[in-house]
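**Student:** here's my sequence, what's the structure:
(one chain, ligands or ions: 4)
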Amino acid sequence: MLAGGDSLEDLKGLHISSLDGEKEQQNADDDLNGYEDADDEYDDKELEFVTLGFVEEPKSRWALLRQLFPSKAGGVPAWLDPINLPSGNSCLCDICGEPLQFLLQVYAPISEKEFTFHRMLYVFLCPSMTCLLQDQHEQWKRGPEKPSRSVKVFRCQLSLINSFYSSEPPRCDGSDKALGTEAPLCTWCGAWKGDKVCSSCRSARYCSEKHQVMHWRSGHKVECAQIAVSSLSYEPSLPNGASLVNMRKVASKSIWPEFAIIIEDECEFDREVSNADNHANLLVSREQMDETVESLLHNFEGNDERKSWATFQECVAKAPEQVLRYCRNAGSGDSEPLWPASSGRLSKADIPRCGYCGGAMCFEFQILPQLLYYFRVKNDVDSLDWATIVVYTCAASCEASLAYKEEFAWVQHSS
Ligand SMILES: [Zn+2]
Ligand SMILES: [Zn+2]
Ligand SMILES: [Zn+2]
Ligand SMILES: [Zn+2]
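**Tutor:** Ligands and ions are numbered 1, 2, ... in the order given. Predicted structure coming up:
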């Protein structure tokens, strides 16, 4: 149980947790006792508790602000620690050198530990399919020692008492305020720190030269002169994402559309497999989704692949609109992703060690390609695509001097 009593119950309700009730107790014991409970081991495959993520239009203008600890996809990241953002090469695709694009974030606190009272995982991706293919190629070639990545995952965690948030649970009525200041963000992408300032207007800020050039070409050339003449601040008309503004507008038109990620337990779908009304409010129709599945199926050849795909399909068919499967089970370490294909899996032996504490990493969640349909990514040959992106995190969710710790992602391609 959490310390602090009833006032925390609301906040706890936001937590994504793969462990509930008895199971939570079981795993807490595992954590404490190591392998002493080994004879309690039962066939976990049947009981494994998976939480599914679905995308939905945000319910309000404020629902995805950082003080609400949102799980979200697309748009800009809601940085949990708004000051000590990832910087330098961490923000770049190691393959093409361009700033990475925000894919999604998952709020996944671990209630057993004080310093993980708030815990957020962020996934960034280079939108170039060439880079994503190269990323996996590099992984196979070199092993995880010298990574050259186009997909990066960051973990940020805070204890209940911190300088960025009230220790009271959010009221979720639009009145919640974030505390403290925030690092100014890039005017173009809204994702990364805007350390570079436009030298003429001294108002627009950029994470990189690349984004400065993009902004200049897309209209800042004209706008900049106006700002300089009128000596108005750039901020009021085009908020750069920092500060007070509710709607975080960014200049770039190419960031992915913003959605809230809502969470449901997979077991909820076991009973009502064909209840189409269940997700009547979702944005992609079942027919569209079936087409997606059809087209993916054509990519698989050979018996093993078809078998693997069939198993995957059977599982996903319970709730075909899912974009995320979450199942952290660090105690016994036997959570495994659902692999769509039999080739290109990461074997347990190949899961790297945590780069900070040297401890084991465990599977935490996977991202399904359905997300690309919500992002309206075209189904062309060169378009961004994946079979699944699997995220592994430090089993101990260790502390390190860095606010944003890099975790490990494995990309499986569909062909
Ligand atoms: Zn790239
Ligand atoms: Zn930028
Ligand atoms: Zn300017
Ligand atoms: Zn660690």
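**Student:** can you pull out the low-pLDDT segments for this structure?
**Tutor:** 1-47, 142-146, 230-248, 271-302, 331-334, 415 (pLDDT under 70).
**Student:** can you give me the helices for it?
**Tutor:** For the chain, applying DSSP state H gives helices covering 9-14, 21-33, 44-47, 129-142, 209-215, 221-230, 286-297, 303-316, 370-374.
**Student:** which residues touch the nearest residue to His220 once chain neighbours are set aside?
**Tutor:** Leaving aside its sequence neighbours, His220 sits nearest to Ala204 (C-beta to C-beta, 6 or more residues apart in numbering; 6.1 Å). Every residue, glycine included, has its C-beta placed from N, CA and C. For Ala204, the contact set (C-beta atoms under 8 Å, 6 or more residues apart in numbering) comprises 187, 197-198, 212, 215, 220, 224, 227, 234, 240.
**Student:** Ala204 and Glu98, how far apart?
**Tutor:** 19 Å (C-beta to C-beta, to the nearest Å).
**Student:** kindly report the same for Glu266.
**Tutor:** On the measure of C-beta to C-beta, Glu266 and Glu98 end up 36 Å apart.
**Student:** Phe49 now?
**Tutor:** Phe49 is 38 Å from Glu98, by C-beta to C-beta.
**Student:** with neighbour numbers in mind, choose between these two.
**Tutor:** Taking other C-beta atoms under 10 Å, Phe49 and Glu98 do not tie; Phe49 has more neighbours (20 against 17).
**Student:** most distant residue from the middle of this structure?
**Tutor:** Ranked by distance from the centre of the chain (C-alpha atoms, centre = their mean), the top residue is Val229, with 41.3 Å.
**Student:** thought Leu132 was touching Asp382, still the case?
**Tutor:** No: using C-beta atoms under 8 Å, Asp382 is not in contact with Leu132; the gap is 10.8 Å.
**Student:** compare neighbour counts for those two and give me the winner.
**Tutor:** Leu132 (23 against 9).
**Student:** so who does that one touch?
**Tutor:** Counting by C-beta under 8 Å, 6+ apart, the residues that Leu132 touches are 125-126, 150-151, 384, 386, 411, 413.
**Student:** pick the one among those closest to ligand 4.
**Tutor:** Val151 (19.2 Å; C-beta to the ion).
**Student:** overlap between the contacts of Ala204 and the residues near ligand 3?
**Tutor:** 198, 224 (C-beta under 5 Å from the ion).
**Student:** counting neighbours, which of the contacts of Ala204 comes out on top?
**Tutor:** Neighbour-wise, these (other C-beta under 10 Å) top out at Thr187, 28 neighbours.
**Student:** I figured it hits Met214, correct?
**Tutor:** No: in this structure Thr187 lies outside contact range of Met214 using C-beta under 8 Å: 10.3 Å.
**Student:** alongside ligand 1, which residues does this protein contribute?
**Tutor:** So the chain meets ligand 1 at 93, 95-96, 126, 128, 131, 150 (C-beta under 5 Å from the ion).
**Student:** of those residues, which is the most crowded?
**Tutor:** Ser150 (27 neighbours).
**Student:** I'd say that residue and Leu125 touch.
**Tutor:** Yes: taking C-beta under 8 Å as the definition, Ser150 is a contact partner of Leu125 at 6.8 Å.
**Student:** common neighbours of the two, please.
**Tutor:** With C-beta under 8 Å, 6+ apart, Ser150 and Leu125 have common neighbours 100, 132.
**Student:** can you show me the strands along the chain?
**Tutor:** Taking DSSP state E as the criterion, the chain contains strands spanning 51-56, 72-73, 101-107, 118-125, 151-158, 196-197, 205-206, 259-265, 324-326, 361-367, 388-394, 405-412.
**Student:** ok, which of the ones you listed comes nearest ligand 4?
**Tutor:** Ranking the strands of the chain by proximity to ligand 4 (C-beta to the ion) places strand 388-394 first, at 3.2 Å.
**Student:** which helices and strands sit right next to the closest one?
**Tutor:** strand 118-125, strand 151-158, strand 361-367, strand 405-412 (3 or more C-beta pairs under 8 Å, 6 or more residues apart in numbering; DSSP states H and E).
**Student:** now these as a markdown table including mean neighbour count?
**Tutor:** What follows is those, written out as a markdown table (neighbours: other C-beta atoms under 10 Å):
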| stretch | mean neighbour count |
| --- | --- |
| strand 118-125 | 24 |
| strand 151-158 | 23 |
| strand 361-367 | 25 |
| strand 405-412 | 22 |
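**Student:** columns distance to ligand 4 on top of those strands, output as a markdown table?
**Tutor:** Shown next, in a markdown table, are the helices and strands packed on strand 388-394 (distance: least, C-beta to the ion, whole Å):
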| stretch | distance to ligand 4 |
| --- | --- |
| strand 118-125 | 13 |
| strand 151-158 | 9 |
| strand 361-367 | 8 |
| strand 405-412 | 7 |
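**Student:** with distance to Lys177 added, can I get the ones you listed in TSV?
**Tutor:** What follows is the helices and strands packed on strand 388-394, written out as TSV (distance: least, C-beta to C-beta, whole Å):
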stretch	distance to Lys177
strand 118-125	16
strand 151-158	16
strand 361-367	30
strand 405-412	27
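**Student:** closest to Ala310 out of these?
**Tutor:** The closest of these to Ala310 is strand 405-412. By C-beta to C-beta, the value is 16.2 Å.
**Student:** hmm, Cys93 is touching Gln101, no?
**Tutor:** No: in this structure, Cys93 is not within contact of Gln101 by C-beta under 8 Å, at 9.1 Å.
**Student:** shared neighbours, the two?
**Tutor:** Jointly contacting Cys93 and Gln101 under the rule C-beta under 8 Å, 6+ apart are Cys126.
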